[in-house]
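S.K.: What shape does this take:
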Amino acid sequence: MIREYKVVGVYRPTIKAIIQEKFGDGIMSAIDFDMQITRIEHPKGDRVKIEMSGKYLGYNAW
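M.R.: Model (predicted):
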């Protein structure tokens with residue numbers, strides 16, 4: 001489990017930058033959040049595919 005935590009921590013700034021590039025200034029929220037974990041067979045060893053889906057929330061200008 002610690003390795004998955006490290007992956008998310010290391011790639012968090014990149015994921016945030018890609019979200020902002022594709023959607024504009026905002027975040028992926030945990031509102032109506034969904035996650036799927038799938039096993040994918042691979043010749044070099046089975047792989048884990050993690051898909052996360054969360055509501056996009058654009059930043060409000062005050």
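
S.K.: Just say helix, strand or coil for the most centrally placed residue in the chain.
M.R.: Geometric centre of the chain, nearest residue: Met52, 5.3 Å, by CA atoms, centre = their mean. Using DSSP: H, G, I helix; E, B strand; the rest coil, the three-state assignment for Met52 comes out as strand.

S.K.: give me every residue that touches it.
M.R.: Going by CB atoms under 8 Å, 6 or more residues apart in numbering, Met52 touches Met28, Phe33, Asp34, Met35. Yep, even glycine has a C-beta here, placed from its N, CA and C like the rest.

S.K.: how near is the spatially closest residue to the first one that is not a sequence neighbour to Pro13?
M.R.: Yep, that's Met28 we're talking about. Leaving out its chain neighbours, the residue that sits closest to Met28 by CB to CB, 6 or more residues apart in numbering is Gly54, at 4.2 Å. Distance, Gly54 to Pro13, using CB to CB, to the nearest Å: 17 Å.
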